[in-house]
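>>> I'd like to go over a predicted model; first the sequence, then the structure.
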Amino acid sequence: MSASGDKTLKVWDLDSGLALRTLEGHSASVNGVAVTPDGKRAVSASGDKTLKVWDLDRGVALRTLEGHSASVNGVAVTPDGKRAVSASWDKTLKVWDLDRGVALLTLEGHSASVNGVAVTPDGKRAVSASEDKTLKVWDLDRGAPLATFTSDGASYSCAFINDHKIQTAPLPIDELY
């Protein structure tokens, strides 16, 4: 899948390189997308301040998630496919119940735009990358910050290597807690 500045998402065939389906429904650029582990749904993050949950078999939006007050920059889905975590220019992250379409938690603590988010393989924690030159690790059940790491510049993306190691440019942060 790909997200685009033309307000659409595309589902691609990797063998042929052809777009199988175009998903339309956002009113601004689509800044990120994550697919559930079963491959049946996708969650898109948009400059229109919303996320959409998509049925990939039918190519339709199942629901729109509203709650951010600024552009949504990134999204990650938990390994069980039940929750998503969104990152926004409003300096927050939100944890969403994908089946009910409601925000379960708002994670606050960054002093600038949150650009990226990743979830651990066990689904218990998330890491956020921010313009404020920090990465924050969050407990997704309690909504509590677990650790903060300062970098030399703004962070735009992040990933977990495993449950206790984050990758960000240029070097991984080892054994966090």
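Yep, it's here.

>>> host element of the residue nearest the centre of the chain?
Nearest to the mean C-alpha position of the chain, counting by CA atoms, centre = their mean, stands Val75 at 1.2 Å. Per DSSP states H and E, Val75 falls inside strand 72-77.

>>> what comes up buried for stretch 13-32?
23, 25-26, 29-32 (16 or more other CB atoms under 10 Å). All C-beta atoms are positioned from the backbone trio N, CA, C, and that covers glycine.

>>> State the pLDDT value of Ile161.
Note for Ile161: predicted pLDDT of 80.

>>> burial count for it?
For Ile161, the number of neighbouring residues by other CB atoms under 10 Å comes to 14.

>>> Convert the C-alpha atoms of the helix or strand harbouring it to CSV, please.
Using DSSP H and E, the element containing Ile161 is strand 159-162. What follows is strand 159-162, C-alpha atoms only, in CSV (Å, rounded to 0.1, in the frame of the first residue of the first chain):
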residue,chain,number,x,y,z
ALA,A,159,11.0,1.6,14.4
PHE,A,160,11.5,-1.1,16.9
ILE,A,161,14.1,-3.6,16.2
ASN,A,162,12.7,-5.8,19.0
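
>>> quick one: low-confidence ranges for this structure?
167-177 (pLDDT under 70).

>>> Given the strand holding Ile161, what are its sheet partners and their directions?
strand 165-167 (antiparallel) (DSSP bridges).

>>> Give me the subset of the buried residues of stretch 13-32 lying in strands.
The members of the buried residues of stretch 13-32 that map onto strands under DSSP state E are 23, 30-32.

>>> Distance to Thr106 for these - can I get that in CSV?
Output for these, formatted as CSV (distance: CB to CB, whole Å):
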residue, distance to Thr106
Leu23, 27
Val30, 22
Asn31, 19
Gly32, 18
